[in-house]
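*Asks:* show me the folded form of this:
(chains A, B, C and D)
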2 protein chains.
Amino acid sequence: MYRIGLFSEITKTTIKTLRYYDEIGLLKPTEIDTFTGYRYYSTDQIFRIYEIISYRQIGLSIKQIKEIVLGNKSIEDVLNEKKIELIDTKNETEKQLSQINYLLKERKEGFIMNYKPVVKELPECIVYSKEMNVKNLDGYFAVIPEIGEEVAKANPTLKCIIPDYNFTRYLDGEYKETDIHLEYCQAVDKIGKETESIKFKKIERAKAVCVMHQGAYTTLNKAYAYLVKWCEENNYKLSDSPRESYIDGIWNKDTEEEWLTEIQFPIESK
Amino acid sequence: MYRIGLFSEITKTTIKTLRYYDEIGLLKPTEIDTFTGYRYYSTDQIFRIYEIISYRQIGLSIKQIKEIVLGNKSIEDVLNEKKIELIDTKNETEKQLSQINYLLKERKEGFIMNYKPVVKELPECIVYSKEMNVKNLDGYFAVIPEIGEEVAKANPTLKCIIPDYNFTRYLDGEYKETDIHLEYCQAVDKIGKETESIKFKKIERAKAVCVMHQGAYTTLNKAYAYLVKWCEENNYKLSDSPRESYIDGIWNKDTEEEWLTEIQFPIESK
DNA sequence: ATAAAGTCTCCCTTAACAGCAGAGTCAAGC
DNA sequence: GCTTGACTCTGCTGTTAAGGGAGACTTTAT
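*Replies:* Residues are numbered from 1 along each chain as shown, chains lettered A, B, ... in the order given. Prediction:
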């Protein structure tokens, strides 16, 4: 019979760990002195602790090990479960590595952008929308309030969702400065009555990589360029038309520098 | 100014997280009502929280993000640091996956071994040793006590280390049943006086994959076979002669079934 | 005015131990 | 037999990055 210190040296396991395994019932010492509380381990226990360490080394959690040791689950089941976890972890790690390498590369090349791309889930929403072909964007923004008025006239009880979500989708599939095919969308609480040019539709949830752009719209193309490159380098594919969502603009901020726009690129992993 | 709930929906961040970032000083709301304690966020904060989320997505810890945001460390430094961490994680994950796949394969093929391989660090130690060529192992174990006596005679103050560590190294580099070239080693507390056949030496620390073997020595070859295969399948290379360390044996256990031996294969990653 | 929804602080929980304090125990040397 | 030093015990706190819930208070809508 070994006391805990010796047993810990033999098995190369810390005393803390042994006491912890005792506490959670994973490995009880063969004997505990009733008066002193000293733990005594026998050589059989070396076997048991080795089994546990072996499982810990392949990444199993204590919970999973308990399930195996207590016979509640078959080893295969637990291993397969863990395998899936590990594959997820690996994919996650590789994505992070790719993004970090991209950031480092950017900075090495002196191409330092202050865009902070964020991958997030865009929830499903109902929008009213109007598709248009415009010569250029100058006149476009003046049209938007008119669309709102037209919809309100046909649908007096319709409400925008809170927080507000309105955006432009660029439908050309490539960057254009003139003759732009686009669609204005405004998220609302329900499907309403359509007019000749204004249609209602449900937009499905989507994963998207997004950046915030601060400043005048003339520099938005930088944000687009950034996202296009980011997707390329990190192995994502655009799965839908990009959205340009307006947060702060001429309607609530005086100077162009304060305008805030979010560019959203719906994506799927390649 | 947005209240926390709205801000949380805009930024797709939970209220809990926002409060937590406030608490730890990573993102304080622009304004907090002194009477009600209500937090109010401005649109600028969207930028700030996006930066944080972006860094969280590439796996940076809150601590690392703080260092970047507070300007204590350059982004490059933190990214490079994280890159190393990620590469470690990736290697670790891949090793675990390899081991799990091996275990699953084993079981699929019905080749179920109860060996639980454990990779551990064998500490540096001083040993006295005797190299021998023996016909077979039958007579070998009887010789060991004699070696001990011979050393004790030449070195009266020499002591074995606690816990005891004595082992046989097989020097042939292949499995043999007869004419075996081997070396007996016993770890002691210091270098002593050598005799004609008994030498002292320091054995360097080494990483080794180990299994415990219970039972008679005649079945030890199964443990060897298991470790050889394990190394092959998990991409490890034997970096030194295997060791066979004796824990329980004829000297303290009556029946062969109780004997306990640890096989240690020093390894390096291929 | 009342009800519903939103927000506040405070405390507990997670995983797998590590570190420390203060008290008790064991073995060796004198 | 006594002292000293090494060992061990329990119990507490800390770690990460929040999540969950209780009970009190505030705001908004009807």
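
*Asks:* so what's the residue count around A:Val69?
*Replies:* Residues near A:Val69, counting by other C-beta atoms under 10 Å in any protein chain shown, number 15. No exception for glycine: its C-beta is placed from N, CA and C like everyone else's.

*Asks:* got the contact list for it?
*Replies:* A:Leu26, A:Glu51, A:Ile52 (C-beta atoms under 8 Å, 6 or more residues apart in numbering or on different chains).

*Asks:* which helix or strand contains the closest residue in space to the second one that isn't next to it in sequence?
*Replies:* Put plainly, it is A:Glu51. Among residues not flanking A:Glu51 along the chain, B:Lys116 sits closest, at 4.5 Å (C-beta to C-beta, 6 or more residues apart in numbering or on different chains). Following DSSP states H and E, there is no helix or strand that holds B:Lys116.

*Asks:* wait, what's in contact with the closest residue to A:Glu194 other than its chain neighbours?
*Replies:* What sits nearest to A:Glu194 in space, not counting adjacent residues and going by C-beta to C-beta, 6+ apart, is A:Phe200, at 5.8 Å. The neighbourhood of A:Phe200, defined by C-beta under 8 Å, 6+ apart, consists of A:Ile126, A:Val127, A:Tyr128, A:Ser129, A:Val188, A:Ile191, A:Gly192, A:Glu194.

*Asks:* show the pLDDT at the residue nearest to A:Glu51.
*Replies:* Among the per-residue scores, B:Lys116 holds a pLDDT of 95.

*Asks:* tell me how many other residues crowd it.
*Replies:* 18.

*Asks:* all helices of the stretch 151-270 of chain A, in order?
*Replies:* Assigned by DSSP state H, counting those that start in this stretch, the helices in the stretch 151-270 of chain A fall at A:220-233.

*Asks:* output the below-cut-off pLDDT ranges for it.
*Replies:* Confidence mapping of the stretch 151-270 of chain A against pLDDT under 70 gives the ranges A:270.

*Asks:* which of the contacts of A:Val69 has the largest number of neighbours?
*Replies:* Going by other C-beta under 10 Å, A:Ile52 tops the contacts of A:Val69 with 24 neighbours.

*Asks:* which ones are touching the nearest residue to A:Glu257 once chain neighbours are set aside?
*Replies:* Spatially, and ignoring its direct neighbours in sequence, A:Glu257 is nearest to A:Gly215 (5.6 Å; C-beta to C-beta, 6+ apart). The neighbours of A:Gly215, taking C-beta under 8 Å, 6+ apart as the test, are A:Glu256, A:Glu257, A:Trp259.

*Asks:* need the contact list for whatever residue of the stretch 101-250 of chain A ends up closest to DNA strand D.
*Replies:* In the stretch 101-250 of chain A, the residue that lies nearest DNA strand D is A:Ile162 (8.9 Å; C-beta to the nearest atom of the strand). Residues in contact with A:Ile162 (C-beta under 8 Å, 6+ apart) are B:Leu6.

*Asks:* tally of neighbours for A:Gly173?
*Replies:* Neighbour tally, A:Gly173, other C-beta under 10 Å: 10.

*Asks:* dihedrals phi and psi, A:Asp254?
*Replies:* Dihedral pair for A:Asp254: phi -70, psi -50, per degrees, to the nearest 10.

*Asks:* can you report how many residues lie near it?
*Replies:* The burial count for A:Asp254: 8, using other C-beta under 10 Å.

*Asks:* before we move on, what about A:Glu233?
*Replies:* 15.

*Asks:* surely it and A:Tyr102 touch.
*Replies:* Yes: in terms of C-beta atoms under 8 Å, A:Glu233 counts as a neighbour of A:Tyr102; the distance is 4.7 Å.

*Asks:* distance from the chain centre to stretch A:60-80, please.
*Replies:* 30 Å (C-alpha atoms, centre = their mean, to the nearest Å).

*Asks:* hmm, back to that, just the buried residues of the contacts of A:Gly215.
*Replies:* Burial by neighbour count, 16 or more other C-beta atoms under 10 Å in any protein chain shown: within the contacts of A:Gly215 this picks out A:Trp259.

*Asks:* which of the contacts of A:Gly215 lies closest to DNA strand C?
*Replies:* So of the contacts of A:Gly215, ranked by how close each gets to DNA strand C (C-beta to the nearest atom of the strand), first place is A:Trp259, at 24.8 Å.

*Asks:* contact partners for the nearest residue to the closest one once chain neighbours are set aside?
*Replies:* Closest residue to A:Trp259 apart from its sequence neighbours, by C-beta to C-beta, 6+ apart: A:Gly249 at 5.1 Å. A:Gly249 makes contact with A:Phe141, A:Trp259, A:Leu260, A:Thr261, according to C-beta under 8 Å, 6+ apart.

*Asks:* any idea how far A:Tyr128 is from A:Gly249?
*Replies:* The gap separating A:Gly249 from A:Tyr128 is 19 Å, by C-beta to C-beta, to the nearest Å.

*Asks:* over to A:Thr93?
*Replies:* 42 Å.

*Asks:* and the two? Which one has more around it.
*Replies:* More crowded of A:Thr93 and A:Tyr128, by other C-beta under 10 Å: A:Tyr128, with 27 against 21.

*Asks:* count the residues that sit near A:Glu204.
*Replies:* One way to gauge burial is a neighbour count; for A:Glu204, by other C-beta under 10 Å, it gives 11.

*Asks:* that one contacts A:Cys125, doesn't it?
*Replies:* No: here A:Glu204 lies out of contact with A:Cys125, judged by C-beta under 8 Å, at a distance of 9.1 Å.

*Asks:* mind splitting chain A into its structural domains?
*Replies:* Using automatic domain parsing, the domain parsing of chain A gives A:2-69, A:75-112, A:118-269.

*Asks:* hmm, the shortest one in reach of DNA strand C?
*Replies:* Okay, so that is domain A:75-112. No: if you take C-beta under 7 Å from any atom of the strand as the test, domain A:75-112 misses DNA strand C, and the best it gets is 11.1 Å.

*Asks:* is chain B within reach of that domain?
*Replies:* Yes: using C-beta under 8 Å from any C-beta of the partner chain, domain A:75-112 reaches chain B at A:75-76, A:79-80, A:82-83, A:86-87, A:89-90, A:93-94, A:96-97, A:99-101, A:103-104, A:107.

*Asks:* tell me the residues of the stretch 51-200 of chain A that contact chain B?
*Replies:* Taking C-beta under 8 Å from any C-beta, the part of the stretch 51-200 of chain A that reaches chain B is made up of A:51, A:53-55, A:57-59, A:75-76, A:79-80, A:82-83, A:86-87, A:89-90, A:93-94, A:96-97, A:99-101, A:103-104, A:107, A:116-121, A:162-163.
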